[in-house]
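**Student:** below are the sequence and a predicted model; questions follow.
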Amino acid sequence: MKANITTLFLLITILVSCNRSGNQNKTLPANTGNQKEIILVIEDKLWEGKKGETLREIFEKEIAGLPQSEKLFNLIQLNPKEFTRFFQTHKNIMVVSSDVKDSYSKDKWANGQTVFYLHSDSKEIDFIKSCNKTCGFLNRKELEEIKNSYEEGHNKDARLDIKEQFGFELFLPTEYTVSLKKEGLLKLYFHSYNEKQDLQKWIVVYEFQPTNWDLQEEIITRTDSVLKQYVEGVIEGSYIQIDSRFSLIEDNGIYRGLWKMKKGAIMGGPIILRSRNIDDKVVVSLGIVFNPNENKRDFVRTFEAIL
C-alpha cells in the first residue's frame, strides 16, 4: 500500500512539474500595433465621464513644437466585452476598472508587451497621478525603443566623426549622408522626393564656447548663424532660420520649436535642439524636418530619441 501511495505521489509530482515547465517555455507571439497606440479597456460610462476626460487630457495631449495639432498617444477605447483575443497582443494595453489595483505587467499575452492597470475608483487626484506616471513610462519606453533600434544599425561613419570631434556618440540612421564636415561642425542630409512626397531632413552638430549668461538666447543666436551659413534653400540666397514668432519650449536640455525658410520658397516645419556641456564648450545637435501636408510626430520623436 505504501509503495502504491509513493508511486502515485511521484506521478503527480512529475505531472505538475511538466505542466509548470510547459507553461514557462510557452512561446508568446510577437506584439502588434505600434508604440504610439494604446488599447484602452474601460467601460463606456467611465470613458464618457470624468475618468475618460482625464485620460484624454494626459495621453492625447498635443506635442509641443509642431505646426499642426498632433497627439502624443492615440487611445483606442474598447469596453471589456470588445476586448477579444484579437486585441490582446497589442504592444500597449491599459485596463481601467474598479476590479484592479494600480500596477503593470510585461509580456502577458505577447513578447515586448506592457499591460497597465489603473483603479477606476481612486480619488481624482490619485487617478491623475497614476495616469501621469503611466504616460511618463510610455513616453520613455518609446524613446528608448527608437534609440535602441538605431544602436543596432546606424551610420558608423557619422558616429565616429562625432565621437572624434565632439567627444560623444550619436547613433544616427543610415539613410543620412554626411554633406559637410569641418572643424566644430557636422551636417547630415536626407531627401526623398516623388509625386506624393517631398521629405527633407537635416541633422547638424556644432559647438561653441558660451559667452552669454542667457544660454537659451545664445543657442538661438548661434543656431541661426550656423543655419544661415550652412543650411541653404534651393533658391540662391535662401536659408533656414528658427521662426522667432514662436518661442522655443525647453525640457531637460531639449528645445522644441519651428523653423522657416528666409528669402526663398514658403517652407517650414519643426526643429528639435539638444544642448550638452562638454568641458568648457556647449555642443548643440539639432534635427530639422520638412514634410508638407503630412504629420511630423514620428520624425520629431525620432529626433528626441537619437540626438
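**Tutor:** Alright, I've got the coordinates.

**Student:** next, residue 126: phi, psi?
**Tutor:** Residue 126 has phi and psi values of phi -70, psi -40 when expressed as degrees, to the nearest 10.

**Student:** could you check how far it is from residue 114?
**Tutor:** 21 Å (Cβ to Cβ, to the nearest Å). No exception for glycine: its C-beta is placed from N, CA and C like everyone else's.

**Student:** low-scoring stretches of the stretch 151-300 of the chain, by residue?
**Tutor:** Within the stretch 151-300 of the chain, the segments meeting pLDDT under 70 span 195.

**Student:** which residue ranges of it form strands?
**Tutor:** For the stretch 151-300 of the chain, the strands defined by DSSP state E, counting those that start in this stretch occupy 177-182, 185-193, 198-208, 239-242, 249-251, 254-262, 268-278, 281-290.

**Student:** pull the contacting residues for the closest residue to residue 52 other than its chain neighbours.
**Tutor:** The shortest distance from residue 52 to any residue other than its chain neighbours is 6.1 Å, reached at residue 46 (Cβ to Cβ, 6 or more residues apart in numbering). Contact analysis of residue 46 by Cβ atoms under 8 Å, 6 or more residues apart in numbering lists 52, 96, 120.

**Student:** in three-state terms, label residue 46 for me.
**Tutor:** Under DSSP: H, G, I helix; E, B strand; the rest coil, the three-state class of residue 46 is helix.

**Student:** of residue 126 and residue 114, who's got more company?
**Tutor:** residue 114 (21 against 13; other Cβ atoms under 10 Å).

**Student:** need the pLDDT of that one.
**Tutor:** pLDDT for residue 114: 96.

**Student:** and if you look at residue 7?
**Tutor:** So residue 7 comes in at 45 (pLDDT).

**Student:** including mean neighbour count and distance to residue 171, could the strands of the stretch 151-300 of the chain go into JSON lines?
**Tutor:** Converted to JSON lines, these look like this (neighbours: other Cβ atoms under 10 Å; distance: least, Cβ to Cβ, whole Å):
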{"stretch": "strand 177-182", "mean neighbour count": "13", "distance to residue 171": "15"}
{"stretch": "strand 185-193", "mean neighbour count": "17", "distance to residue 171": "13"}
{"stretch": "strand 198-208", "mean neighbour count": "20", "distance to residue 171": "12"}
{"stretch": "strand 239-242", "mean neighbour count": "21", "distance to residue 171": "24"}
{"stretch": "strand 249-251", "mean neighbour count": "12", "distance to residue 171": "21"}
{"stretch": "strand 254-262", "mean neighbour count": "20", "distance to residue 171": "17"}
{"stretch": "strand 268-278", "mean neighbour count": "19", "distance to residue 171": "14"}
{"stretch": "strand 281-290", "mean neighbour count": "21", "distance to residue 171": "12"}
